[in-house]
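Undergrad: quick one, fold the following:
(one chain, ligands or ions: 1)
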Amino acid sequence: MPNNDYLEIEGGVPLKGSVTISGSKNAALPILCACVLSDGKCRIENLPDIEDIHRILEIIAMLGAKVEQLGSGIIEIDPATIDSHVVTYEMASKLRASYYMLGALLARFGKAEINQPGGCPIGQRPMDFHIKGMRALGAEVVERGAVITASAEKLVGADIYFDIASVGATINIMLAACRAEGRTTINNAAREPHVVDVANFLNLMGASIRGAGTDVIRINGRERFHGCTYAVIPDQIEAGTYMIAAAATGGSVTIKNVIPTHLDSLSAKLMECGVDVQTQDNGTDFVIQVNAPERPRAVKIKTMPYPGFPTDLQQPMTSMLATADGVSDITENLFENRFNHTAELSRMGADIVIYGRNAQIKGVEKLYGADVCATDLRAGAAMIVAALMAEGTTRIRNLYYIDRGYERLEEKLIGLGARIKRICADE
Ligand code: EPZ
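TA: As a prediction, the model looks like this:
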């Protein structure tokens, strides 16, 4: 839980070696919630050991399910003993993904009560698309302040259209619709790899979902869902963070346990910067090799839903571009408040000007170590990249944000030659 520990990083060391990517946070969270739909036990593998996973498992246990750790990254959930449909403020406020319980509990029990979720302060992050979708399926949804209550005698398939290709709303409606009567079509659906992973898991349990990964998802409702065993895909955002850190430090890094196509937009952008990015099939799986030039070139970036440039990598990229050759320009199209990290970067010597959803980054010779803090999860990743690049020592606080999404961060970075340690505040 939040504390005053901090990371101390000596920068200026090019990262070298190989790093193995953990399971995807943004796939694992909805898949764990989806276990609620099953009549039998579900065994989920390749789960990352991060705070958000701990929190969602606490929520599932508090609802009455049996949750058992079977090994490293392996959890078994038996939902048969669930006896509540309420996710309290105390539970929901710790992470955004608690909102998936709205669709899962509504589909299983015909009722759900959640509190507006927590998560990174990167924008207003409303749930209007989620609520519109649930109502289209026949649920009565009442919002009283932060409490959202949904109920339905029976959910009936519907034709749903999202104004924005929302990841959360797409997954939440998939969860609700997979036990609805008849067909549901989600138009302008999000196409992220984690949307596909959730659909694959639901289909393994007995659902009938077609088109995940495209902008039209068709769901034919099914009555019964059985238990199964499923391994979560690798985390493309974690992988992208290490690719950016390699490029930012002039390093040479091999990324293992990754699905390269999930990172095509980042690889293309890094190559635009003059970074050499190669995908190799090493016989058992694919790896991505990143070899960086002395100084990357400046570029323009516009974040977009998948397969466009991922908003979750905009912040680490900003750090890398802080010392690029030239003036870079980033447009953040997904969230209205996702530049909080730039103020912290300026304290390290970065030259960044914000115009609404635009950041103009003038490449400086170098960054300098400073005392900084993580303002959200991926801002924390940005501070780590900046600290690895900077001359001197950087101390990063608000580690709870970082620990929400990056497994064994220090261990993985030390394995790449970084000089990093976690200082416990009461030491
Ligand atoms: C998910 O958030 C991820 N979180 C985010 O990752 C990620 O940045 C985001 O998708 C985009 O890829 C999880 O998966 C737990 P959205 P989510 O719904 O579902 C607006 C991380 O670092 N919108 O795709 O909240 C919304 O405000 C986190 O791992 C509505 O207006 O994102 C935003 O502007 C940070 N109404 C846009 O859509 C709604 O009902 C995209 O949001 C829903 C969304």
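Undergrad: where does the stretch 301-427 of the chain have low pLDDT?
TA: 427 (pLDDT under 70).
Undergrad: same deal with the chain?
TA: Ranges of the chain meeting pLDDT under 70: 1-2, 427.
Undergrad: where's the residue in it that the ligand sits nearest to relative to Asn398, distance?
TA: Closest to the ligand within the chain is Gly168: 2.6 Å, counting by Cβ to the nearest ligand atom. (C-beta placed from N, C-alpha, C; glycine too.) Note on Gly168: its distance to Asn398, by Cβ to Cβ, to the nearest Å, is 24 Å.
Undergrad: neighbour count winner among these two?
TA: Gly168 (23 against 20; other Cβ atoms under 10 Å).
Undergrad: quick check: the more buried one is in a helix.
TA: Yes - assignment of Gly168 by DSSP: H, G, I helix; E, B strand; the rest coil places it within a helix.
Undergrad: that one - nearest residue in space that isn't next to it in sequence?
TA: In this structure, Gly168 finds its nearest non-sequential neighbour in Tyr99, 6.1 Å apart by Cβ to Cβ, 6 or more residues apart in numbering.
Undergrad: what about the one you found, how many residues nearby?
TA: 27.
Undergrad: cool, Ala370 as well?
TA: There are 20 residues near Ala370, going by other Cβ under 10 Å.
Undergrad: go ahead and confirm it touches Met348.
TA: Yes - Ala370 sits in contact with Met348 when judged by Cβ atoms under 8 Å, with a separation of 4.9 Å.
Undergrad: and Gln280, bridged to which residues?
TA: Note on Gln280: beta-bridge partners by DSSP bridges are Val287.
Undergrad: again, but for Asp325
TA: When assigned by DSSP bridges, Asp325 has beta-bridge partners Arg297.
Undergrad: which residues touch it?
TA: Contact partners of Asp325, counting by Cβ atoms under 8 Å, 6 or more residues apart in numbering, are Arg295, Pro296, Arg297, Ala298, Gly363.
Undergrad: mind running it again at 10 Å?
TA: By Cβ atoms under 10 Å, 6 or more residues apart in numbering, the contact set of Asp325 is Cys273, Gly274, Pro293, Glu294, Arg295, Pro296, Arg297, Ala298, Gly363.
Undergrad: of those, closest to Ile384?
TA: Pro296 (17.4 Å; Cβ to Cβ).
Undergrad: could you report the neighbour count for the closest one?
TA: Neighbours of Pro296 (other Cβ under 10 Å): 24.
Undergrad: now it, nearest residue through space, not along the chain?
TA: Cys273 (3.9 Å).
Undergrad: ok, Gly103 next?
TA: Excluding its sequence neighbours, the residue lying closest to Gly103 (Cβ to Cβ, 6+ apart) is Leu175, at 3.4 Å.
Undergrad: that neighbour contacts Ala150, doesn't it?
TA: No - at 11.8 Å, Leu175 does not count as touching Ala150 under the criterion of Cβ atoms under 10 Å.
Undergrad: which residues do these two both contact?
TA: In contact with both Leu175 and Ala150: Leu102, Gly103, Leu105, Leu106, using Cβ under 10 Å, 6+ apart.
Undergrad: ok so, going back, part of a helix, is the residue nearest to Gly168?
TA: Yes - assessed with three-state DSSP, Tyr99 lies in a helix.
Undergrad: name only those of the contacts of Asp325 that count as buried.
TA: Buried members of those, scored by 16 or more other Cβ atoms under 10 Å, are Cys273, Gly274, Pro296, Ala298, Gly363.
Undergrad: ok so, going back, verify the stated contact: the residue of the chain closest to the ligand with Pro117.
TA: Yes - with contact defined as Cβ under 10 Å, Gly168 reaches Pro117; the gap is 8.9 Å.
Undergrad: give the residues shared as contacts by the two.
TA: Arg96, Ala97, Tyr99, Tyr100, Leu102, Arg125, Met127.
Undergrad: what about the fifth one, is that helix, strand or coil?
TA: Right, the one you point to is Leu102. Assignment for Leu102 (three-state DSSP): helix.
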